[in-house]
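Enquirer: Need coordinates for the below:
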Amino acid sequence: MRHSQTILLAASLALAACGPAGNVGEADPAGTVAADPMDTSDRESLSDREVADRFIEVFYNQNRLTDGFEAWVHPDYIQHDPNSPTGRDPTIEVLAAHMQANPEMRHDVKRVIYGDEGEEGTLVAVHYHFTRAPDDRGSAVVDIFRIKDGYLVEHWDVIQPVPEEALNDNTMF
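Expert: Below is the predicted model:
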């Protein structure tokens with residue numbers, strides 16, 4: 001199962017990276033058209049997974065945090081991180097300040113785990129290496145989102161700093 005999740009993640013990221021952000025909507029060599037990750041016009045027809053993939057592309061891969069939130073997060077967004085406000089618009093204000101203070105930050109996505117769609121929506125976990133600057137060891141982060149009706153509606157996270165030395169040879173990613 002883990003191998004198939006890795007293949008699905010690689011395929012999603014490859015599809016999302018079919019071209020530079022300015023060329024979204026152009027046909028790739030196979031003749032398929034990559035969806036514009038900012039296009040919310042068909043929100044109600046998208047699967048929760050498609051919503052997640054579009055948000056991941058904008059927020060993590062393109063590092064356009066506020067754009068991702070404006071497009072894909074519900075106004076009544078529920079935040080479980082005690083260091084962040086609840087609600088989309090207050091969170092956007094915090095993200096804008098965070099981006100201004102950390103212009104070189106990166107979100108290096110390592111894996112995405114999609115849950116089953118249910119009546120309450122779908123849970124999606126994004127595991128990534130977050131760094132504020134190129135020389136920063138960073139943190140291993142897992143963001144968990146609940147997606148429902150074409151929006152990210154709820155968020156939890158777990159953050160663990162990358163240590164200078166480890167007691168084993170395994171990586172955190």
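
Enquirer: I'd like the mean pLDDT over stretch 108-125, please.
Expert: For stretch 108-125, mean pLDDT is 94.

Enquirer: for that stretch, how far is the first residue from the last?
Expert: From its first residue to its last, stretch 108-125 covers 14 Å (CA to CA, to the nearest Å).

Enquirer: any idea where the strands of this structure begin and end?
Expert: Using DSSP state E, the strands of the chain run over 73-79, 106-114, 122-131, 139-148, 151-161.

Enquirer: Save those as CSV, and put in mean neighbour count too.
Expert: For every residue, glycine as well, the C-beta is placed using N, CA and C. Below are the strands of the chain laid out as CSV (neighbours: other CB atoms under 10 Å):
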stretch, mean neighbour count
strand 73-79, 16
strand 106-114, 17
strand 122-131, 19
strand 139-148, 20
strand 151-161, 17
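
Enquirer: can you put those in a markdown table and add distance to residue 49?
Expert: Shown next, in a markdown table, are those (distance: least, CB to CB, whole Å):
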| stretch | distance to residue 49 |
| --- | --- |
| strand 73-79 | 17 |
| strand 106-114 | 6 |
| strand 122-131 | 7 |
| strand 139-148 | 8 |
| strand 151-161 | 12 |
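
Enquirer: Of all residues in the chain, which one is nearest the centre?
Expert: Centrality entry for the chain: nearest residue to the mean C-alpha point is residue 56, 3.1 Å, by CA atoms, centre = their mean.

Enquirer: on that earlier part again, kindly state which of the strands of the chain is positioned closest to residue 60.
Expert: Nearest to residue 60, of all these, is strand 106-114, at 4.1 Å by CB to CB.

Enquirer: so what strands line up beside that closest one?
Expert: For strand 106-114, the paired strands and their directions (DSSP bridges) are strand 122-131 (antiparallel).

Enquirer: Any regions of this protein where pLDDT drops low?
Expert: Where the chain drops to pLDDT under 70, the residues are 1-34.

Enquirer: Count the residues that sit near residue 62.
Expert: By the measure other CB atoms under 10 Å, the count of residues near residue 62 is 18.

Enquirer: gap between it and residue 118?
Expert: From residue 62 over to residue 118 the distance is 29 Å, taken as CB to CB, to the nearest Å.

Enquirer: right, and residue 139 touches residue 158 too?
Expert: No - using CB atoms under 8 Å, residue 139 makes no contact with residue 158, being 9.8 Å away.
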